[in-house]
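In: pasting the structure only:
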């Protein structure tokens, strides 16, 4: 039953807060949202599955209607780069699964509502569009130093190079820190800092950040927390918004799609940050959002009666769509959105199976005679430094399904050669550069995903030369063990 307050029945958001991030809210279970929410059935054709709107553009009802859509006085699809009915279903679902308040979702009518999420062409595209929505080189011509943001040292290799090199090319500086050291985060903040960025589970060390501690720093300094929740499995394993995150970015290619067929990315607006924040001198801290929008006739979106901070606070995700995506163009194809929707319907079932297998495989490897002592980096292990953090912030029993281990060897060179032999000897598990697939995947990060980092950068990112990364699938656990066992046998034959 829906509990009541002195002012009437509790809202869905109030019920969620009462139940906690992983508690049950009637009619709003994780599976229920994934299966039912976000799709308003077409009254004419009544298709129950979301149709694929494989169209570049959408016809206007009249000249006045077209003008209203472009000036944003009305909502609705115009051009698939900006919005598409198939993609909107994915966006509505992802925002709700991640725990955003979604005050503008209504009945999912694309002509009257706005998703609290934005789907992009990839995870890399999602993080770029999210940051460029509020970050620029300098806010004023007389600013002496570039704007910057703080990021964890331990990031996916592609994220590291995007931040370190590509953002540098457009005058935006990144400051890499040990995200588990709150004092180091505080010390890195200056007057030009715009955000704090980190991953839910660091790749490859599996470090879990102190969300609440970092959120307190962000709040104190009026800085948004941008969290890559790819390893949080679309909100199943972790819901960072519940612990203070303001914006979620993630690769939908991984667990959300789940089958290695389609590339995509997601931004979710937590609608819990005041973009009107000011610097000590009284100037706007985030002028790209809070100042008049030059490309919309100086409209002040941040004070809009529907999208503004004091209304639904969807100004960030709106501008990410109608300004950043409009200009940068990293849109997702409708067919990819459809494929990701198919995966989303079984996300909770798969995520649970992934996590159970990963917990058991990590425990088995941790005591294996051919595995280097203390090299298995999975938060489910009591010996892992982030075990308590994971239990505090993650769904009970879930610790993610990606981890690294090393094979024993007399010398570092032998360890590296044995790792390579192990990978080459696997028969069932796939050797490829992805995670979150239904199948078990293995790779050597130092030679592949993080290969473009220098040796010093790899060391700083906790990438070990002989480390083997596993993305645990949901094959029968005994079959995974059997494949590993025969690969271990081959690897241990390497002696020099």
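Out: The structure has been received and is ready for your questions. Predicted, not measured: the structure shown is a model, and the values here were computed from it. Numbers count the residues shown, from 1 in each chain.

In: going forward, measure contacts and count neighbours with C-alpha atoms only.
Out: Fine.

In: I figured residue 341 hits residue 91, correct?
Out: No - taking C-alpha atoms under 8 Å as the definition, residue 341 is not a contact partner of residue 91, at 9.7 Å.

In: Let me know the secondary structure of residue 175.
Out: At residue 175 the chain is in strand, as set by DSSP: H, G, I helix; E, B strand; the rest coil.

In: swap that for residue 23, please
Out: Classified using three-state DSSP, residue 23 is coil.

In: For it, give me its contacts.
Out: Neighbour list for residue 23: residue 16 [criterion: C-alpha atoms under 8 Å, 6 or more residues apart in numbering].

In: Return the set of buried residues in stretch 473-482.
Out: Neighbour-count burial for stretch 473-482, counted by 16 or more other C-alpha atoms under 10 Å, picks out 473-475, 480.

In: ranges for the helices of the stretch 351-496 of the chain?
Out: Assignment of helices within the stretch 351-496 of the chain using DSSP state H, counting those that start in this stretch yields the ranges 387-393, 412-425, 455-460, 477-491.

In: Please name every helix or strand in contact with the shortest one.
Out: What that stands for is helix 455-460. Contact partners of helix 455-460 among helices and strands, from 3 or more C-alpha pairs under 8 Å, 6 or more residues apart in numbering; DSSP states H and E: none.

In: which residues are contacting it?
Out: Contact with helix 455-460 is made by 153-154, 446, 450, 464, as judged by C-alpha under 8 Å, 6+ apart.

In: what does the second one give?
Out: Outside of helix 412-425, the residues within contact range by C-alpha under 8 Å, 6+ apart are 406-409, 431, 442-444, 465-468, 486-488, 490-492, 494-496.

In: looking at the helices of the stretch 351-496 of the chain, which one has the lowest mean pLDDT?
Out: Per-segment mean pLDDT for those reaches its minimum on helix 455-460, at a mean of 73.

In: now that helix, how far from the centre of its chain.
Out: Its chain's average C-alpha position is 24 Å from that of helix 455-460, according to C-alpha atoms, centre = their mean, to the nearest Å.

In: same check, this time on stretch 483-496
Out: Counting by C-alpha atoms, centre = their mean, stretch 483-496 comes out at 36 Å from the chain centroid.

In: ok, and for it, which residues are buried?
Out: Using 16+ other C-alpha under 10 Å as the burial criterion, the residues of stretch 483-496 that qualify are 484-485, 487-488, 490-492.

In: And stretch 153-165, by the same measure?
Out: Neighbour counts over stretch 153-165 (16+ other C-alpha under 10 Å) mark 153-157, 160-161, 163-164 as buried.

In: and it, how far apart are its ends?
Out: End-to-end distance of stretch 153-165 (C-alpha to C-alpha, to the nearest Å): 14 Å.

In: Stretch 46-61 too?
Out: Taking C-alpha to C-alpha, stretch 46-61 runs 22 Å from one end to the other.

In: Other residues contacting it?
Out: Under C-alpha under 8 Å, 6+ apart, the answer for stretch 46-61 is 39, 41, 66, 77-81, 84-86, 89, 334-335, 338.

In: can you rerun that using 10 Å?
Out: 35-36, 38-42, 65-69, 76-87, 89-90, 333-339, 341-342 (C-alpha atoms under 10 Å, 6 or more residues apart in numbering).

In: tell me the contacts of residue 12?
Out: Residue 12 is in contact with 2, 18, 25-28, 101, counting by C-alpha under 10 Å, 6+ apart.

In: Mind checking which of these land in strands?
Out: With strands taken from DSSP state E, there is no overlap with the contacts of residue 12.

In: follow-up on the earlier one: tabulate the contacts of helix 455-460 (JSON lines), appending pLDDT and distance to residue 172.
Out: Below are the contacts of helix 455-460 laid out as JSON lines (pLDDT from 0 to 100; distance: C-alpha to C-alpha, whole Å):
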{"residue": "153", "pLDDT": "93", "distance to residue 172": "17"}
{"residue": "154", "pLDDT": "91", "distance to residue 172": "19"}
{"residue": "446", "pLDDT": "78", "distance to residue 172": "27"}
{"residue": "450", "pLDDT": "67", "distance to residue 172": "22"}
{"residue": "464", "pLDDT": "78", "distance to residue 172": "29"}
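
In: three-state assignment of residue 316?
Out: Applying three-state DSSP: residue 316 is helix.

In: Tell me how many other residues crowd it.
Out: Residue 316: 29 surrounding residues under other C-alpha atoms under 10 Å.

In: now do residue 363
Out: Close neighbours of residue 363, defined as other C-alpha under 10 Å, add up to 16.

In: close enough to count as contact, it and residue 374?
Out: No - if you go by C-alpha atoms under 10 Å, residue 363 and residue 374 don't touch, sitting 11.3 Å apart.

In: Regarding the nearest residue to residue 303 once chain neighbours are set aside, what is its secondary structure?
Out: Using C-alpha to C-alpha, 6 or more residues apart in numbering and skipping the chain neighbours, the partner closest in space to residue 303 is residue 309 (6.5 Å). The three-state assignment at residue 309 reads coil, by three-state DSSP.

In: Could you tell me which residues make contact with residue 309?
Out: Residues near residue 309 by C-alpha under 10 Å, 6+ apart: 271-276, 290, 301-303, 315-316.

In: Farthest-apart pair in the residues you listed, please.
Out: Largest separation among these by C-alpha to C-alpha: 272 and 301, giving 16.1 Å.

In: Name the residues of the strand ranked longest in the chain that are buried.
Out: If you go by DSSP E, the chain has its longest strand at strand 193-199. The neighbour-count check on strand 193-199 (16+ other C-alpha under 10 Å) flags 193-199 as buried.

In: Show me what the most centrally placed residue in the chain bridges to in the sheet.
Out: What sits nearest the mean C-alpha location of the chain, by C-alpha atoms, centre = their mean, is residue 250, with 2.3 Å. As for beta bridges, residue 250 partners with residue 266 under DSSP bridges.

In: Wait, it touches residue 266, no?
Out: Yes - under the criterion of C-alpha under 10 Å, residue 250 makes contact with residue 266 at 5.3 Å.

In: Common neighbours of those two, please.
Out: By C-alpha under 10 Å, 6+ apart, residue 250 and residue 266 have these common neighbours: 119-120, 122-127, 228-230, 234.

In: more neighbours, residue 272 and residue 301?
Out: residue 301 (22 against 18).

In: Look up phi and psi at that one.
Out: The phi and psi torsions at residue 301 (degrees, to the nearest 10) take the values phi -60, psi -30.

In: I'd guessed it sits against residue 311; true?
Out: No - assessed by C-alpha under 10 Å, residue 301 is found out of contact with residue 311, at 11.0 Å.

In: Please report how far the residue lying closest to residue 444 once chain neighbours are set aside lies from residue 61.
Out: Distances taken as C-alpha to C-alpha, 6+ apart place residue 468 nearest to residue 444, at 4.8 Å, with adjacent residues excluded. Distance, residue 468 to residue 61, using C-alpha to C-alpha: 57 Å.

In: So the two - more neighbours on which side?
Out: Using other C-alpha under 10 Å as the criterion, residue 468 and residue 61 rank with residue 468 on top: 24 against 8.

In: what pLDDT does that one get?
Out: On the pLDDT scale, residue 468 is placed at 93.

In: list the contacts for it?
Out: The contact partners of residue 468, taken as C-alpha under 10 Å, 6+ apart, are 204, 376, 403-407, 416, 419-420, 422-423, 442-446.

In: Just the buried ones from those residues?
Out: Among the contacts of residue 468, those classed as buried by 16+ other C-alpha under 10 Å are 204, 376, 403-407, 416, 419-420, 422-423, 442-446.

In: what's around the residue lying closest to residue 19 once chain neighbours are set aside, how many residues?
Out: Leaving aside its sequence neighbours, residue 19 sits nearest to residue 25 (C-alpha to C-alpha, 6+ apart; 6.8 Å). Residues lying near residue 25 (other C-alpha under 10 Å) number 20.
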